[in-house]
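S.K.: from the sequence below, what's the structure:
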Amino acid sequence: MSRVLPAEGDLRRVIGDGDAIPDREVEGLGADELLQLYRNLVLLRTYDERSVVYHRQGRIGTYAIFWNHEAMQAGSVFALDDRDWIFPAYRESAIGLLRGMPVSTVLSWWRGHPAGWWNPKDYNLASICVPIATQIPHAVGFAWGSRLNREDTVALTLFGDGATSEGAFHEGATFAGVMKAPVILLCNNNQWAISTPLSKQTAAPTLADKAIGYGIPGVRVDGCDVLAVYEATRDAVLRARAGDGPTFIEAVSYRAAPHATADDPSLYIDPQRVEEQRENECIGRFERYLKRLGVLGDEQAAAVKAEALELMRAGISAAEAEPPADPSLVFEHAYADPPPPLLADRDELLRILGDA
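M.R.: Predicted structure coming up:
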């Protein structure tokens, strides 16, 4: 039977404020696991912040920022086993770092270099989907196939609130519910689909309410509470492995950075809410929580941040050391038998580049 956790004030939370709101602890997470989760968060944050700088320096193209969304990514992936699969959208472009993917590979993807492609089987990580919501049917189909093969593999797909307005979301959620596919649909509800507010996308009280129509449990969590995201995803993984089918998780936040480096959010976003989010962003919240537990000290936190920054520096050096790509690759994998106009375009491009 479908269930929905009601009201934004009743979002599932673990991390308190050290004062009026008490902290909880998550069963099964000791000091080592909590510190690894912190390292994962810092790695993602460092990647995101440096990528914005690299864009401004002209070293990568337009970049989709995920600042303050790290808790959703790191928390959900931490609940998976290595055998489970991840189906990301463009805002989760760096999620492969949590599976051991080199920083240079992700940076090369944003640079438009062929070194930015990977074999999905190497990391159990599907290719990044830029068209909105198309990764959802991919994840559902993979999970359904896993169930037919009597495997206990789970698929996680991440998407934004805007994706729930797309037909691909409806198709994927319908198949997931009917086929009881072992898939987790994790929606990053940051209230904005570029400049379209959530109120213009749906009249439903919450996005989790949509899960009822597909016969799927809907769970709402604080998307800036990494432990709440982890706990909800872990429960969904256990449910999926037991053969009980999919779960829809609505991770609620408010976007505190531009949609992308080409966006000017000052035209539409609420600056007061942005400031509130930035003051209580997800990594600072988790860091204060760990210090209250006595798990993390200032020197240790500084060392983790320094290590992540060095990884980024080495990654950009490796990405920029890649030899120039062969422009013919753009044309070679479009058709088995390329039509003459395509070949003519290729030859013209190579001629222009040769003259440059």
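S.K.: quick check: closest non-adjacent residue to the residue minimising distance to the centre of the chain.
M.R.: The structure's the chain has its C-alpha centroid closest to E92; by CA atoms, centre = their mean the separation is 3.2 Å. Nearest residue to E92, sequence neighbours excluded (CB to CB, 6 or more residues apart in numbering): L158, at 5.1 Å. Where C-beta positions appear, they are placed from N, C-alpha and C, glycine not excepted.
S.K.: so where does the one you found fall, helix or strand?
M.R.: Assigned by DSSP states H and E, L158 belongs to strand 155-160.
S.K.: what mean pLDDT does that strand get?
M.R.: Regarding strand 155-160, the rounded mean pLDDT is 98.
S.K.: partner strands of it, with direction?
M.R.: Applying DSSP bridges to the sheet, strand 155-160 is found paired with strand 85-87 (parallel), strand 183-189 (parallel).
S.K.: mind checking which of these is nearest S127?
M.R.: Closest to S127 of the strands paired with strand 155-160 is strand 85-87 (CB to CB; 8.9 Å).
S.K.: for the helix ranked longest in the chain, packing partners?
M.R.: Longest helix in the chain, counting residues (DSSP state H): helix 31-56. For helix 31-56, the elements it packs on are helix 70-78, helix 103-110, helix 226-241, helix 282-293, helix 298-320, judged by 3 or more CB pairs under 8 Å, 6 or more residues apart in numbering; DSSP states H and E.
S.K.: can you give me the buried ones in it?
M.R.: Counting neighbours by 16 or more other CB atoms under 10 Å, one finds that the buried residues in helix 31-56 are 34, 37-52, 54-55.
S.K.: by how many degrees do that helix and helix 70-78 diverge?
M.R.: Following axes from the mean of the first three to the mean of the last three CA atoms, to 10 degrees, one obtains 130 degrees for the angle between helix 31-56 and helix 70-78.
S.K.: my read: the residue nearest to E92 touches L80, true?
M.R.: No: taking contacts as CB atoms under 8 Å, L158 lies outside contact range of L80: 11.8 Å.
S.K.: and the strand holding L158, how far out from the chain middle?
M.R.: 7 Å (CA atoms, centre = their mean, to the nearest Å).
S.K.: same question for stretch 231-239.
M.R.: For stretch 231-239, the distance to the chain centre is 17 Å (CA atoms, centre = their mean).
S.K.: and the lowest-mean-pLDDT helix or strand in the chain, what other elements does it pack with?
M.R.: In the chain, no helix or strand scores lower on mean pLDDT, DSSP states H and E than helix 329-332, which sits at a mean of 87. On a contact count with 3+ CB pairs under 8 Å, 6+ apart, helix 329-332 meets helix 340-355.
S.K.: neighbouring contacts of the helix it packs on?
M.R.: P327, S328, V330, F331, A334, Y335, P338 (CB atoms under 8 Å, 6 or more residues apart in numbering).
S.K.: can you check the pLDDT for A211?
M.R.: 96.
S.K.: what are the phi and psi angles of it?
M.R.: For A211, the backbone dihedrals (degrees, to the nearest 10) come out as phi -60, psi -30.
S.K.: how far away is it from P246?
M.R.: 9 Å (CB to CB, to the nearest Å).
S.K.: now the common contact residues for the two.
M.R.: Common contacts of A211 and P246, defined by CB under 8 Å, 6+ apart, comprise A173.
S.K.: which one's more surrounded, those two?
M.R.: Ranked by neighbour count (other CB atoms under 10 Å), A211 and P246 place P246 first, with 30 against 26.
S.K.: setting aside sequence neighbours, what's the nearest residue to that one?
M.R.: Leaving aside its chain neighbours, P246 sits nearest to A176 (4.1 Å; criterion: CB to CB, 6+ apart).
S.K.: that neighbour sits in which helix or strand?
M.R.: Element membership for A176 (DSSP H and E) is helix 167-179.
S.K.: and that helix, what does it pack onto?
M.R.: On a contact count with 3+ CB pairs under 8 Å, 6+ apart, helix 167-179 meets helix 135-148, strand 183-189.
S.K.: kindly compare burial across these and name the winner.
M.R.: Compared across the helices and strands packed on helix 167-179, strand 183-189 shows the largest average neighbour count, a mean of 28 (mean count of other CB atoms under 10 Å).
S.K.: picking that back up, mind saving the C-alpha coords of the strand holding L158 as PDB?
M.R.: Output of strand 155-160 as PDB, limited to C-alpha atoms (Å, rounded to 0.1, in the frame of the first residue of the first chain):
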ATOM      1  CA  ALA A 155      19.000   0.600  -9.700                       C
ATOM      2  CA  LEU A 156      19.000   4.200  -8.400                       C
ATOM      3  CA  THR A 157      18.100   7.000 -10.700                       C
ATOM      4  CA  LEU A 158      18.300  10.700  -9.800                       C
ATOM      5  CA  PHE A 159      16.300  13.600 -11.400                       C
ATOM      6  CA  GLY A 160      15.000  17.000 -10.700                       C
END
